[in-house]
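A.B. asks: Give me coordinates for this.
(chains A and B)
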Amino acid sequence: MTYYAPNLPERGAFTAWRTAARRLISHRIAPEQIDWTGNPGLFAGEPLPDQQGLHTANVPGAFLKLAQSVIWHSAPERFALLYEALWRLDIKQGAPLSQADPLGRRLNLQAKAVGRDIHKMHAFVRFRELPGDAPRRRFVAWFEPEHHTLEPGSRFFANRFADMDWVIATPRLVARFEAGALGFHPPGTRPDLPEDASEALWATYFANIFNPARIKLDAMRSEMPKKYWKNLPETSLIPSMLADAEARVTRMHEAATLASRRGSAAVSTRYRGAMKQPSDLPETLEDARDAALHCRRCALCEHATQTVWGRGPSDASLMVVGEQPGDREDLEGRPFVGPSARLLSELMAEVGIDPARTYFTNAVKHFKFAARGTERIQQTPDSDEINQCRWWLGLELAFVRPRLVLVLGASAVFAMTGDANPLPSRRGRVKIGLHGGPVLISRYPALMPMRQGPMADALARRELTADLREVARFSLPR
Amino acid sequence: MASMTLQDKLAILSDAAKYDASCASSGGEKRDSRRGGVGSSGGSGICHAYTPDGRCISLLKILMTNFCIFDCAYCINRVSSNVERARFSVKEVVNLTLEFYRRNYIEGLFLSSGIIRSPDQTMSDMVCIVRTLRETHGFRGYIHLKTIPDAAPELIREAGLYADRLSVNVELPRDESVRALAPEKRPEMIRSAMAQIRLEGEAAKEKTHTGRRNQRFAPAGQSTQMIVGADSADDVTILRSATRLYTGYRLRRVYYSAFSPIPDASVVLPLIKPPLMREHRLYQADWLLRFYGFSADEIATGAHGGHLDLAIDPKLAWALQHRGLFPLDANRAPREALLRVPGFGVRTVDRIIAARRQGALRYEDLVRIGALMKKARSFITVPGWHPGSLTDSSRLSDRFVSPPEQLSLL
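C.D. replies: Next up is the predicted model:
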């Protein structure tokens, strides 16, 4: 049996392997007939066929992607494993790229090791600056990767440090980036790295960002394996940091008994004095709003973002009271935003009510919701929450003193009238609210799209328009 | 004070910054320096070093100053603490960041600060630092800016122009605890700031009606941190609170930081060894919330008295309470169901789904795929394997608990 021994170079290994593999598979040369190790031993291999054969192998993109990684692995058998996978793909034998296949598993592990080695190189290369006054600053680093990863890993540094010249020397290959051009060169002796003043600052940072009260050595070693330590200047500090850790924690405990820093009480008193405090009996609408921003009358404030106070002129003759803020209103801190509020404004304008001359607010000032997946689903406030919030609604009514209140929705009607009976029979009626003034009962436009079909939608729209006409008659002259 | 060297300041202001857990540098926009400036970002984050506390160093995490007029009991920098104080100049922070960056020590800057004079003043000083980095020096690396919640909305907007990520710390899982331990902070202000960051971020992603891009705003989103163990909130309360933060403000991450004794700690706080295992279980539960389709209430069914089981992970704890749903046929079960099998991670599940298209998977295949079969085998069936009575065995949970360990005093 003849066998072949392709020779692959240190640089450009992927292209070379791919060319050789393509040639071999085109002649349907089986994996057993190829020695990819580069040192064929006693029997010198045959040269590769110098013509492309008749057979063409088609492989999935995933194979090329995997091969482009595996090729940089240091295991000598990687070329053979890749060819075996290629062969099996070609003759359709099993799923040689699958994690569940022994070969696929092995290749995937090799690709993963390469990816990790590249990632660790991006993390652990440490440059030192070369002295000099060249227009471009010059840096040099010595690094020992586990696999042949300098070549695939260097583009990252070129993109990141495009405005400086740098060299990364490794035992097998040297990458040099000069005036914007990246090149690879054969290895020389390990370069002498000059002292760099920033390294002392880096050591200071490393020692101080460490928390001696929570030592997790395993976590450190698994992410920063010891094989890399020799080229990481900061790792020399680790033993002394550990030795001192316990004593530092003890000192922290002892320090805890110290008295407060002198003068600190005065600073706190001054700042806290200047913080806006909610007044118990607000004297203006503005005061009431400030107080409401820090409301804790019920538990809703803990979940909602913020108090959504009313908006509009403080002398509006019409006040519109909705039920409670929705998701968007909660985030923005403004009531009546979003599509249904826009619809309401349009309908108001149609019957001659100026939305800009109207005061909009809600019966409950905090958003009540349940978190489902990534959404916050609105929930109806209970009677206790409505009762607690009536304090704020009462203040708004007292300071704005509207001629008429348009109330939208059942819980808002309950807040204004104390009547929790079903809404439909009372829609369009004017009642006297708990504050002693007239309220007109209607429905919130957000409810309309929930109804069935365009007919019902048009009906709801007509109903609301009719209610708004009534409002216009009642409240406009002042 | 005047004699303080840069090294002294760095020691003080990095020591002061270490209680912020986040060091992520991932998820930013793709940038590099080929068209000028220095630095790149985008893709997965890079951890450039690890300290013996097991935490990574990805960013230069420092305070602009540790002078602070607030008096938050859990914080080393509170006004009443006796720690040594320092303040960086704009130039010092900018130079440290750039010089560390050019030597490949870091991915960028995480800047936080004590509050000096006023929240607005502090925030605008911080914004000045990041503006200098971006505009004067063309810095394209990652910037995480800790936002002062009481700062004016315009300042937060400007911060989003330069920073990749903004964060506002909720500090504690319950409002009541924030008010008690951080009297100058107001939970509603913290949440309003988060809401603003969410809305600005969404607006920046939308195109205007003329098709123009809106102004950039913190492309790597926002995160927050909650201190665990400084108040009496239980784990379920913490997870519910985290759920609200994720749904309300679209946070990329909630960081849980085991309360750690700080030098010169306030007497109102427990001086305990940081509850690292509890922190770990909370992170596992947080992953279940974000990637495995669990809700806080479901996780709660595996908890005891509101606390996650420290001996076993929260998914296993949940599964042991829901054995009726198991064993699952690993070759047929849908993705959502497989994600609930203890010992199967997201990647394992995706591999199973990809591999089973080529034929039924057997026990050894699952091992090769990387499933933790020691956990998973009681909950699944595959051709040739059935857990039999194992799933319902009353001793099942004992198999997963590690032997007791002698606790040590701090």
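A.B. asks: which residues sit in contact with the closest residue to residue B:192 other than its chain neighbours?
C.D. replies: Using CB to CB, 6 or more residues apart in numbering or on different chains and skipping residues adjacent in sequence, the residue nearest residue B:192 is residue A:306, 4.8 Å away. For every residue, glycine as well, the C-beta is placed using N, CA and C. Applying CB atoms under 8 Å, 6 or more residues apart in numbering or on different chains, we find residue A:306 in contact with A:293, A:330, A:333, B:188, B:191-192, B:195.
A.B. asks: Quick check: residue A:306 vs residue A:277, distance?
C.D. replies: 17 Å (CB to CB, to the nearest Å).
A.B. asks: again with residue A:66
C.D. replies: 65 Å.
A.B. asks: what mean pLDDT does stretch A:103-121 have?
C.D. replies: Averaged over stretch A:103-121, pLDDT sits at 96.
A.B. asks: right, is it up against chain B?
C.D. replies: Yes: using CB under 8 Å from any CB of the partner chain as the criterion, contacts between stretch A:103-121 and chain B involve A:105, A:119.
A.B. asks: Looking at residue A:66 and residue A:277, which is more packed in?
C.D. replies: residue A:66 (21 against 11; other CB atoms under 10 Å in any protein chain shown).
A.B. asks: Correct me if wrong: the more buried one contacts residue A:108.
C.D. replies: Yes: Residue A:66 is within contact range of residue A:108, at 7.2 Å (criterion: CB atoms under 8 Å).
A.B. asks: Could you report the pLDDT at the residue nearest to residue B:101 when sequence neighbours are not counted?
C.D. replies: Residue nearest to residue B:101 in three dimensions, not counting chain neighbours: residue B:141, with 5.5 Å by CB to CB, 6+ apart. Looking at residue B:141, its pLDDT is 96.
A.B. asks: residues in contact with residue B:141?
C.D. replies: Residue B:141 touches B:38-41, B:97, B:101, B:106-109, counting by CB under 8 Å, 6+ apart.
A.B. asks: and what of residue A:56?
C.D. replies: Residue A:56 touches residue A:26, counting by CB under 8 Å, 6+ apart.
A.B. asks: State whether it is indeed within a helix.
C.D. replies: No: residue state for residue A:56 (DSSP: H, G, I helix; E, B strand; the rest coil) corresponds to coil; a helix is not indicated.
A.B. asks: Distance of it relative to chain B?
C.D. replies: The gap separating residue A:56 from chain B is 24 Å, by CB to the nearest CB, to the nearest Å.
A.B. asks: coming back round to it: so of the contacts of residue A:306, which ones are in helices?
C.D. replies: Within the contacts of residue A:306, residues falling in helices by DSSP state H are A:293, A:330, B:188, B:191-192, B:195.
A.B. asks: Those residues into a markdown table, with extra columns for neighbour count?
C.D. replies: Below are the ones in helices among the contacts of residue A:306 laid out as a markdown table (neighbours: other CB atoms under 10 Å in any protein chain shown):
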| residue | neighbour count |
| --- | --- |
| A:293 | 19 |
| A:330 | 26 |
| B:188 | 22 |
| B:191 | 26 |
| B:192 | 23 |
| B:195 | 19 |
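A.B. asks: for the residues you listed, which one is nearest residue A:236?
C.D. replies: residue B:191 (45.1 Å; CB to CB).
A.B. asks: related to what we said a few turns ago, spit out the residues that contact residue A:66 and residue A:108 alike.
C.D. replies: residue A:97.
A.B. asks: Could I get the full set of helices for the stretch 101-250 of chain B?
C.D. replies: Under the criterion DSSP state H, counting those that start in this stretch, the stretch 101-250 of chain B contains helices at B:119-131, B:153-162, B:175-181, B:187-205, B:235-249.
A.B. asks: So for the longest one, what gets flagged as buried?
C.D. replies: Within helix B:187-205, the residues scored as buried using 16 or more other CB atoms under 10 Å in any protein chain shown are B:187-201, B:204.
A.B. asks: if we can go back for a sec, next one, pLDDT for the residue nearest to residue B:192 please.
C.D. replies: 96.
A.B. asks: that's a strand at it, yeah?
C.D. replies: No: Residue A:306: not assigned to a strand; according to three-state DSSP it is coil.
A.B. asks: quick one: contacts for the closest residue to residue A:467 other than its chain neighbours?
C.D. replies: Of all residues not flanking residue A:467 in the chain, residue A:442 sits nearest, at 4.2 Å (CB to CB, 6+ apart). Residue A:442 makes contacts with A:406-408, A:427-428, A:463-464, A:467-468, as judged by CB under 8 Å, 6+ apart.
A.B. asks: Tell me who's in contact with residue B:223.
C.D. replies: B:22, B:24, B:165, B:167, B:251-255.
A.B. asks: which one of those residues sits closest to chain A?
C.D. replies: Using CB to the nearest CB, residue B:251 is the member of those that lies nearest chain A, at 11.2 Å.
A.B. asks: Chain B versus the residue nearest in space to the middle of chain A, what's the distance?
C.D. replies: With distances taken as CA atoms, centre = their mean, residue A:374 lies nearest the centre of chain A, 13.7 Å away. Separation of residue A:374 from chain B (CB to the nearest CB): 6 Å.
A.B. asks: Next: residue A:247.
C.D. replies: Taking CB to the nearest CB, one finds residue A:247 at 12 Å from chain B.
A.B. asks: And the helix or strand hosting that residue, what does it pack against?
C.D. replies: Using DSSP states H and E, residue A:247 falls within helix A:238-255. Packed against helix A:238-255 by the contact rule (3 or more CB pairs under 8 Å, 6 or more residues apart in numbering or on different chains; DSSP states H and E) you find no helix or strand.
A.B. asks: Phi first, then psi, for residue A:59.
C.D. replies: Dihedral angles of residue A:59 (phi, psi; degrees, to the nearest 10) stand at phi -120, psi 150.
A.B. asks: Was I right to think it contacts residue A:87?
C.D. replies: No: if you go by CB under 8 Å, residue A:59 and residue A:87 don't touch, sitting 10.6 Å apart.
A.B. asks: more neighbours, the two?
C.D. replies: residue A:87 (21 against 16).
A.B. asks: residues contacting the more buried one?
C.D. replies: Applying CB under 8 Å, 6+ apart, the residues near residue A:87 are A:25, A:30-31.
A.B. asks: So which of those is the closest to chain B?
C.D. replies: Nearest to chain B, judged by CB to the nearest CB, of the contacts of residue A:87 is residue A:31 at 21.2 Å.
A.B. asks: Perfect, that will be all.
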